[in-house]
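whatever this is, show me its structure:
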Amino acid sequence: MIEAAKIHLSKDKKFKPLIEDIQIEWPVINDDVYFYLIRSIVYQQLSGKAAGTIFARFLELFSEGYPYPEPLLGFDIVDLRAVGLSRQKASYILNVAAFFQTHQLENNDWQAMEDDEIIQFLTQIKGVGKWTVQMILMTSLNRSDVFPVDDLGIQKSVQKLYAFEDKGRSLKKKMLALSQPWRPYRTIASFYLWRFQDIPA
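Here you go, the predicted model:
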């Protein structure tokens, strides 16, 4: 898929230099949406190192090293705060566990669901927003055509690459218009844009 995406994205003259100068890797597919939702909540707004430490402590709460819904729901917010989680994150994690238990999603076939269907379904969980589900689609489920217009890094890279300073709705509208020729590889385009953000001007 990566090679086909490179050929397709190189048709965009502005994007072609990114293809030539940046190396990306396509993540290994992993259908454990439950685990990655919890992990993403822990990692939000923290440095990778701090989040990794907290997440490791969190997993140590479970005898099997995995936060299955039933044992997780046996903990309260105070227990989860003791491993370094904020009250809000602890609440959101418990919401995820309750949702997956209620809907019996342990063996759910995520690959049978469309991207928008998964977004609408999982954003019912308080504390799980569209951006979070998009990250799951891109990195866990390997969906090839996800474009997170709300991602600050993607926004900055598009502004840098195409040299405009629009903000808010105008920015997102331009981003969506620019991304249409990238279909059906907007996930891969996003990986390039994240890497491009780190390259000095």
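
which other residues reach stretch 82-91?
Stretch 82-91 is contacted from outside by 41-42, 44, 53-54, 57-58, 60-61, 77, 80-81, 93, 126-127, using C-beta atoms under 8 Å, 6 or more residues apart in numbering. All C-beta atoms are positioned from the backbone trio N, CA, C, and that covers glycine.

just stretch 163-183 next, same as before
With C-beta under 8 Å, 6+ apart, stretch 163-183 has contacts from 8-9, 11-12, 15, 145, 147, 149-150, 154-155, 158-159, 162, 186, 189.

from those, which land in helices?
When DSSP state H defines the helices, the subset of these inside them is 8-9, 154-155, 158-159, 162, 186, 189.

buried among those residues? Make that a PyMOL selection.
Entered in PyMOL, the line below selects the buried ones among the ones in helices among the contacts of stretch 163-183, by 16 or more other C-beta atoms under 10 Å:
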select buried, resi 8+9+154+155+158+159+186+189
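
closest to I118 among the ones in helices among the contacts of stretch 163-183?
R186 (15.9 Å; C-beta to C-beta).

quick one: the closest residue to that closest one other than its chain neighbours and R183, what's the gap?
Spatial nearest neighbour of R186, chain neighbours left out: F147 (3.9 Å); criterion: C-beta to C-beta, 6 or more residues apart in numbering. As judged by C-beta to C-beta, to the nearest Å, F147 and R183 stand 9 Å apart.

and the spatially most central residue of the chain, helix, strand or coil?
Centroid-nearest residue in the chain: M135, 1.4 Å away (criterion: C-alpha atoms, centre = their mean). Following DSSP: H, G, I helix; E, B strand; the rest coil, M135 is assigned to helix.

now do M175
Going by three-state DSSP: M175 is helix.

burial of it, as a residue count?
Counted with other C-beta atoms under 10 Å, residues neighbouring M175 total 21.

start at 11, not 1
Understood, numbering begins at 11; the last thing we discussed is M185.

any low-confidence regions in the protein?
Counting by pLDDT under 70, the chain contains low-confidence ranges at 209-211.

domains in it, by residue range?
Domain assignment for the chain by automatic domain parsing gives 12-36+157-207, 43-149.

ok so, going back, okay but the residue nearest to the centre of the chain is in contact with S50, surely?
Yes. Contact criterion C-beta atoms under 8 Å: M145 and S50 qualify, at 5.9 Å.

which residue packs closest to K16, ignoring adjacent ones?
I29 (5.1 Å).

tell me, how many residues neighbour that neighbour?
I29 is flanked by 19 other residues according to other C-beta under 10 Å.

list the contacts of the helix or strand hosting it.
Per DSSP states H and E: I29 is located in helix 26-31. The contact list for helix 26-31 (C-beta under 8 Å, 6+ apart) reads 16, 19-20, 171, 202-203, 205-206, 209.
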